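Participant: following is a predicted model, sequence given first.
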Amino acid sequence: QVQLVESGGGLVQAGESLRLSCAASGSISSINAMGWYRQAPGKQRELVAVITTDGTTSYMGSVKGRFTISRDNAKNTVYLQMDSLKPDDTAVYYCWANLFKYTYQRRPDDYWGQGTQVTISS
């Protein structure tokens with residue numbers, strides 16, 4: 001059993017900051033990549049940021065320069081520092097991990113957190 005537990009969402013005003021955390025626990029052999037998706041009402045889920053085991057990061061265009069993803073491999077935890085937040089950032093944010101549960105596993109699987117609401121008021 002693998003669990004991704006998120007924390008850190010909430011309601012803030014435009015221009016303020018929030019920090020999301022997500023800890024992966026359970027039967028985990030190794031984690032390839034971790035990241036964050038978000039889904040606003042009436043819209044498709046979109047990839048916000050991803051970080052690989054070696055620290056390589058990638059961001060969606062609208063958050064570049066405002067959001068920073070980081071990772072603590074020893075704790076199987078990923079963070080998303082969100083600065084200069086805008087009302088358009090309002091969404092449910094989902095933690096994602098691509099990982100191997102077993103050492104003999106040939107391909108990794110995707111796991112998701114339950115989501116945390118981020119609301120930005122103007």
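Facilitator: Thanks, I have it. Numbers count the residues shown, from 1 in each chain.
Participant: what residue is smack in the middle of the chain?
Facilitator: Most central in the chain under Cα atoms, centre = their mean is residue 36, positioned 2.5 Å from the mean C-alpha point.
Participant: beta partners of that one?
Facilitator: Residue 36 forms beta bridges with residue 49, residue 95, as assigned by DSSP bridges.
Participant: now do the contacts for it.
Facilitator: Residue 36 sits next to 20, 22, 47-50, 69, 78, 80, 93-96 when contact means Cβ atoms under 8 Å, 6 or more residues apart in numbering. Using the backbone N, CA and C atoms, a C-beta is placed for each residue, glycine as well.
Participant: make a markdown table out of those residues and add neighbour count, pLDDT and distance to residue 61.
Facilitator: Converted to a markdown table, the contacts of residue 36 look like this (neighbours: other Cβ atoms under 10 Å; pLDDT from 0 to 100; distance: Cβ to Cβ, whole Å):
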| residue | neighbour count | pLDDT | distance to residue 61 |
| --- | --- | --- | --- |
| 20 | 23 | 98 | 19 |
| 22 | 25 | 98 | 22 |
| 47 | 13 | 98 | 11 |
| 48 | 24 | 98 | 11 |
| 49 | 23 | 98 | 11 |
| 50 | 19 | 98 | 14 |
| 69 | 22 | 98 | 15 |
| 78 | 29 | 98 | 20 |
| 80 | 25 | 98 | 16 |
| 93 | 23 | 98 | 17 |
| 94 | 20 | 98 | 19 |
| 95 | 26 | 98 | 21 |
| 96 | 20 | 98 | 19 |
